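> Here you go, sequence then predicted model.
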Amino acid sequence: MANKIIQTVKGTREFYPEQMSLRNFIFDKVRAASHSFGYQEYDGPFIEAIDLYAAKSGEELVKKQSFTFEDRGGDLVTLRPELTPSLARMIAAKQNELTYPVRWWSFGPFWRYEQPQKGRSREFFQWNIDMLGVSSPEADAELIAVAATFLRSVGLSPELALIYVNNRRLMDSEFDALGISNEKRIEVSNLVDRRSKMEPAKWDAYAFEIGLSQPQLDGLKNILGNFDLWKKSEELTRLFSALEALGVKEYVKFDPNIMRGLLYYTGTVFEAFETSGSLKRAVLGGGRYDNLLADVGGQPVSGIGFAMGDVVMGIILQEKGLLPEFALTPAQVLVTLFDEKLSNESFKLVTELRNAGVNAMAFSEPVKLPKQFKFADKMKMKLALVLGPDEVEKSQVVIKNLVTGEQVQVAREALVQSVMELLKSI
RNA sequence: GAGCCUGUAGCUCAACGGCAGAGCGCUACACUGUGGCUGUAGAUGUUGAGGGUUCGAAACCCUUCAGGCUCCCCA
């Protein structure tokens, strides 16, 4: 290993064709789920002024967890760590000319300066999908249904992954009833978020530390253990009713422990977890926000959306064996080259195949056939064609089915037709 | 930003401070008109990088880079 080779930047990822297949597999499923609900694809800039995030995000976040640098003009720019602020600006800029509700989705690269570990890199792809301009529980249900549709489409059944739902307004009224003040809400949210990670005794101590009384802590535990709490919320009642009609009820469970750290969520919040693994991992999350446009100069618009990263999803699909076998090459057919004299015959033939819409490649040089067949085999191609002196003389071509090992000889004129039929049958 | 673990052939991993190895993969041949299977032969390393201790370092020490686990964070 020569030390002169420059390494990749920490936390970035190289996509060899195999990994690219996985990335595109996820992208394809994301697109299919988004499109099946009528969402339009969009994208924002990959580089933004840091101020765009400074407005809404915490200081630590912008300073410590973003890739920020000075451009040649002296402006501070950052590689986008999320899409929502860009979306908010884009909506605000055309607020009065858009047709509502806006249903938009995007899949693109993002960067966060974090400690890389399994399931978390500094460069990742993220699916963002939002509906803006409607604030009904039924709209919330639709986004959850999009998420469920995606999970189903990649083979993650409800036994493997579930979407847990809660509602900020419901929790707020419960906290009010316990006399937990507004100022303490954020700390209490953090407290709830951490419950699964902490030992009970330590968690209790932490609760007292942030100023909860014993009755408040007891009340909080009651709330967090009450999985029928949603019945008190009209929003959630309507949400679950809509989810049933949308055919995804089995994917969704109410869970009062779902808080989501984000300050800007105001109503429904949800998070999907892989449930069958040794540790539960969040695979996507989102919720309803009411006032995202204020910071970018727009009128208040309510929206609901979620985001899903490609890294964790890719790991889960691999671990669960849910990935199809990816083709190594898009070419299904290899046209062998017999010798230098006959090479052009093979090139003509492969061109005919391409013109007919068959992905095909000719071998690169007229080396001996075993080598060419070995290549076709390794690349997992379906058919290999042989065009040697015997065939040319008789105006025929040999087609070998590399999957079954069967071989047929067909007339040169009927070749394209035969290949297409054979491919269909494989 | 903090703590801990790891880094040896393309991959998975061995090697008490004393000759760097195995399996798989790879290449060639058996097989000058046909891949997979089988057999035979072969190639491959500054032991992540840099420095130190030692007669001698893959191993011990320091620095650094990368990966992993956890805390933090999760927009």
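Structure received.

> Okay, buried residues for stretch A:418-426 please.
When neighbours are counted by 16 or more other C-beta atoms under 10 Å, the buried residues of stretch A:418-426 are found to be A:418-419, A:422. C-beta: built from backbone N, CA, C; applies to glycine.

> Show the average pLDDT along that stretch.
Mean per-residue pLDDT for stretch A:418-426: 94.

> Pull that stretch out as CSV, backbone CA atoms only.
Extracted C-alpha coordinates of stretch A:418-426, given in CSV (Å, rounded to 0.1, in the frame of the first residue of the first chain):
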residue,chain,number,x,y,z
SER,A,418,-34.1,-15.3,-31.3
VAL,A,419,-32.0,-13.4,-28.8
MET,A,420,-34.9,-11.3,-27.7
GLU,A,421,-37.1,-14.4,-27.3
LEU,A,422,-34.4,-16.2,-25.4
LEU,A,423,-33.9,-13.3,-23.0
LYS,A,424,-37.6,-13.2,-22.3
SER,A,425,-37.6,-16.8,-21.3
ILE,A,426,-34.7,-16.4,-18.9
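
> For the stretch 151-300 of chain A, which segments are assigned as helices?
A:168-177, A:185-194, A:200-209, A:214-224, A:234-245 (DSSP state H, counting those that start in this stretch).

> And these: which comes nearest RNA strand B?
Smallest distance to RNA strand B across the helices of the stretch 151-300 of chain A (C-beta to the nearest atom of the strand): 5.8 Å, for helix A:185-194.

> list the contacts for whatever residue of the stretch 101-250 of chain A ends up closest to RNA strand B?
Going by C-beta to the nearest atom of the strand, RNA strand B is nearest to A:Lys118 of the stretch 101-250 of chain A, at 2.7 Å. With contact taken as C-beta atoms under 8 Å, 6 or more residues apart in numbering, A:Lys118 is in contact with A:Ile315.

> how about the residues of the stretch 301-426 of chain A near RNA strand B?
By C-beta under 7 Å from any atom of the strand, the residues of the stretch 301-426 of chain A that approach RNA strand B are A:338, A:368-371, A:373-374, A:376-378, A:384, A:386, A:388-391, A:398, A:400-405, A:407.

> Which members of the residues you listed are classed as buried?
If we count by 16+ other C-beta under 10 Å, these have these buried: A:338, A:373, A:376, A:384, A:386, A:388, A:391, A:398, A:400-402.

> Sort out for me which of these are in helices.
Among these, the members found in helices (DSSP state H) are A:373, A:376, A:391.

> which residues does the first one contact?
Residues touching A:Phe373, when contacts are defined by C-beta under 8 Å, 6+ apart, comprise A:336, A:384, A:400, A:402.

> Tabulate those residues in CSV, adding columns for pLDDT.
Supplementary listing: the contacts of A:Phe373 in CSV, determined by pLDDT from 0 to 100:
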residue, pLDDT
A:Thr336, 96
A:Ala384, 96
A:Lys400, 96
A:Leu402, 93
